[in-house]
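# okay, structure incoming, though there's no sequence with it:
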């Protein structure tokens with residue numbers, strides 16, 4: 001249709017601690033697609049749904065018009081946001097990771113060019129693929145309907161191509177010899193294998209960042225630390241190819257994820273993981289900060305913001321539940337003395353029972369001092385918070401917001417794939433309103449399994 005569309009998805013955790021994702025808008029945006037046009041489209045949608053004052057964060061990629069739109073959203077809606085939208089903008093981690101790896105692949109392409117050309121040659125003809133499969137079967141490997149060929153600008157497809165090529169290395173070498181085709185030499189095979197293993201860490205991070213049916217925000221720092229270690233640990237850089245690749249990627253890493261460039265909402269989400277809490281932050285900053293003073297500064301800042309948010313959520317919980325006891329406060333000393341023997345006797349009885357006992361901890365301190373939760377592959381963070389919601393009413397309210405933050409724009413981008421199946425050549429005159437109805441309805445009617453697997 002030659003029209004520009006914007007997709008908006010809402011992510012939230014309901015009262016039963018089940019993560020929800022809904023496409024709430026798929027609208028055409030008039031050209032030019034400036035930051036102002038994007039901001040107006042988003043604002044109209046939020047007002048239409050009546051959720052403008054409920055927005056906590058917005059996840060966008062790093063395009064300049066998106067950055068401008070986020071700035072305008074914060075500027076025009078700061079009165080509706082906690083701390084005037086200080087942590088509104090969450091950068092799409094998958095987009096950053098793609099930029100980071102693409103910079104590395106630009107300097108390491110020579111090691112995998114021959115693999116790519118050989119795979120392309122085999123896939124170009126059924127007879128060539130048949131010859132390849134005959135060699136594979138003689139080598140005890142399963143036949144293939146087609147070999148994986150990477151796609152430009154999709155580095156994960158390059159990773160998949162390398163992994164498969166290494167698996168069929170003997171077959172590819174034999175095929176190249178029989179058909180007199182160019183093939184990587186031993187050093188190039190070794191370099192390609194090293195690149196594939198190196199990219200494996202980034203493949204895992206991409207999958208973690210892209211998930212949208214389970215919480216991901218509490219996994220941010222853990223995956224950033226894995227990437228940091230892969231780029232700066234010399235044990236990974238076994239040859240000059242990996243050294244050049246890591247150096248190029250490290251420069252991009254510093255641009256987006258160097259010290260002090262993390263969204264504090266994602267840092268707090270890590271603290272709300274009962275298996276990590278503050279101790280993981282200390283561990284994280286020790287690994288990533290060059291100077292001790294930077295570790296202390298970062299930890300102090302995280303504690304300050306965590307306390308600020310806790311105090312604000314305590315007010316919200318108290319407002320929504322006026323009959324509940326005031327949360328987050330410590331029990332003080334007894335009130336002023338009152339006249340009357342009976343009153344004094346009652347006061348003394350209370351005083352004597354209280355004397356010598358520890359002052360109860362606040363909810364915040366009790367959570368941080370509690371033992372870590374030992375996790376395994378069956379641990380579900382939302383199930384833990386649902387179970388402990390009564391014990392930690394304020395923190396559980398925080399968890400419902402912070403753990404709902406998506407780390408990528410993949411959910412919105414996937415809607416365009418759906419739109420491509422709906423808006424085909426013989427339906428090109430479909431109105432934008434009809435297209436939006438079809439895309440949203442498909443999303444709403446599709447039943448996603450929740451994190452409890454029910």
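Now that the structure is in, tell me what you want to look at. On a predicted model such as this, the values are computed, not experimentally measured, just so you know. Numbering: from 1, shown residues only.
# you'd agree residue 81 is up against residue 75?
No - if you go by CB atoms under 8 Å, residue 81 and residue 75 don't touch, sitting 10.8 Å apart. No exception for glycine: its C-beta is placed from N, CA and C like everyone else's.
# residue 118 reaches residue 177, doesn't it?
No - judged on CB under 8 Å, residue 118 makes no contact with residue 177 at a distance of 11.5 Å.
# neighbour-wise, which of these two wins?
Shown here are residue 118 and residue 177; by other CB atoms under 10 Å, residue 118 has more neighbours (22 against 10).
# phi, psi of that one?
Dihedral pair for residue 118: phi -70, psi -40, per degrees, to the nearest 10.
# tell me where the stretch 301-450 of the chain has strands.
With DSSP state E, counting those that start in this stretch, there are no strands along the stretch 301-450 of the chain.
# hey, where'd the helices end up in it?
Along the stretch 301-450 of the chain, counting by DSSP state H, counting those that start in this stretch, helices occupy 341-354, 363-369, 381-387, 393-402, 410-422, 432-445.
# tell me which other helices or strands the fifth one touches.
If contacts are counted by 3 or more CB pairs under 8 Å, 6 or more residues apart in numbering; DSSP states H and E, helix 410-422 sits against strand 4-13, strand 19-29, helix 432-445.
# try 6 Å this time
If contacts are counted by 3 or more CB pairs under 6 Å, 6 or more residues apart in numbering; DSSP states H and E, helix 410-422 sits against strand 4-13, helix 432-445.
# mind listing what the shortest one pairs with, with the direction of each?
According to DSSP bridges, strand 4-13 forms sheet pairs with strand 19-29 (antiparallel).
# helices and strands of the protein: which one bottoms out on pLDDT?
Ranked by mean pLDDT, DSSP states H and E, the weakest helix or strand in the chain is helix 341-354, scoring a mean of 56.
# show me which of residue 81 and residue 75 is the more surrounded one.
residue 81 (19 against 11).
# backbone dihedrals for the more buried one, please?
Main-chain torsions, residue 81, degrees, to the nearest 10: phi -110, psi 150.
# sorry, back to before: where among the helices of the stretch 301-450 of the chain is the average confidence lowest?
Ranked by mean pLDDT, those end with helix 341-354 at the bottom, a mean of 56.
# where does the stretch 1-150 of the chain have low pLDDT?
108, 110-111 (pLDDT under 70).
# let me see the ranges of the helices in it.
Here the stretch 1-150 of the chain has its helices, by DSSP H, counting those that start in this stretch, at 35-49, 64-77, 93-108, 113-123, 126-138.
# next, format those as a markdown table and append distance to residue 299.
Below are the helices of the stretch 1-150 of the chain laid out as a markdown table (distance: least, CB to CB, whole Å):
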| stretch | distance to residue 299 |
| --- | --- |
| helix 35-49 | 35 |
| helix 64-77 | 26 |
| helix 93-108 | 23 |
| helix 113-123 | 46 |
| helix 126-138 | 55 |
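# comparing those, which comes out most buried?
Among these, ranked by average contacts under mean count of other CB atoms under 10 Å, first place goes to helix 93-108 (a mean of 21).
# what's the angle between that helix and helix 64-77?
160 degrees (axes from the mean of the first three to the mean of the last three CA atoms, to 10 degrees).
# how about residues contacting helix 93-108?
By CB atoms under 6 Å, 6 or more residues apart in numbering, the surrounding residues in contact with helix 93-108 are 61, 155, 195, 202, 206, 209-210, 241, 244-245, 248-249, 252-253, 256, 407-408.
# now the buried members of these.
Buried members of the contacts of helix 93-108, counted by 16 or more other CB atoms under 10 Å: 61, 155, 195, 202, 206, 209-210, 241, 245, 248-249, 252-253, 256, 407-408.
# show the model's pLDDT score for the closest residue to residue 112 other than its chain neighbours.
The shortest distance from residue 112 to any non-neighbouring residue, by CB to CB, 6 or more residues apart in numbering, is to residue 192 (5.2 Å). Listed pLDDT for residue 192 reads 86.
# look up how far residue 116 lies from residue 192.
From residue 192 across to residue 116, the span is 10 Å (CB to CB, to the nearest Å).
# where does residue 154 land on pLDDT?
For residue 154, pLDDT reads 74.
# who does it form a beta bridge with?
Counting by DSSP bridges, residue 154 forms beta bridges with residue 151.
# from residue 221, how far out is the spatially most central residue of the chain?
The centroid of the chain falls nearest to residue 407 when counting by CA atoms, centre = their mean (2.7 Å). Per CB to CB, residue 407 is found 11 Å from residue 221.
# on that earlier part again, would you tell me which of the helices of the stretch 1-150 of the chain gets closest to residue 16?
helix 35-49 (21.2 Å; CB to CB).
# can you give the distance of the closest one from its chain's centre?
Distance of helix 35-49 from the chain centroid (CA atoms, centre = their mean, to the nearest Å) equals 24 Å.
# next, the angle from it to helix 64-77.
Using the same axes, to 10 degrees, helix 35-49 lies at 50 degrees relative to helix 64-77.
# show residues contacting helix 35-49.
6, 8, 24, 25, 27, 29, 52, 65, 68, 69, 72, 73.
# same list (the residues you listed) but as a markdown table, adding distance to residue 274.
As requested, the contacts of helix 35-49 are exported to a markdown table (distance: CB to CB, whole Å):
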| residue | distance to residue 274 |
| --- | --- |
| 6 | 37 |
| 8 | 32 |
| 24 | 31 |
| 25 | 35 |
| 27 | 40 |
| 29 | 42 |
| 52 | 32 |
| 65 | 39 |
| 68 | 38 |
| 69 | 35 |
| 72 | 37 |
| 73 | 32 |
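# which two among these are spaced furthest apart?
24 and 68 (22.0 Å).
# now do the contacts for the residue nearest to the centre of the chain.
Per CB under 6 Å, 6+ apart, neighbours of residue 407: 93, 209, 216.
# for residue 210, give me its contacts.
Contacts of residue 210 by CB under 6 Å, 6+ apart are 94, 408, 410.
# what score does residue 254 have for pLDDT?
Note on residue 254: pLDDT of 86.
# so it sits in a helix?
Yes - counting by DSSP: H, G, I helix; E, B strand; the rest coil, residue 254 is part of a helix.
# what about it, distance to residue 434?
46 Å.
# next: residue 315.
44 Å.
# SS state for the nearest residue to residue 226 once chain neighbours are set aside?
Residue nearest to residue 226 in three dimensions, not counting chain neighbours: residue 201, with 5.8 Å by CB to CB, 6+ apart. Put simply, residue 201 is helix when judged by three-state DSSP.
# give me the number of residues near residue 201?
Neighbours around residue 201, by other CB under 10 Å: 16.
# of all the helices of the stretch 301-450 of the chain, which lies closest to residue 165?
If we rank these by CB to CB, the stretch that ends up nearest is helix 410-422, at 26.8 Å.
# give me the residues contacting that closest one.
So helix 410-422 is contacted by 7, 9, 21, 23, 210, 212, 438, 439 (CB under 6 Å, 6+ apart).
# quick check: closest non-adjacent residue to the last one.
Just to be clear, that refers to residue 439. residue 26 (4.6 Å).
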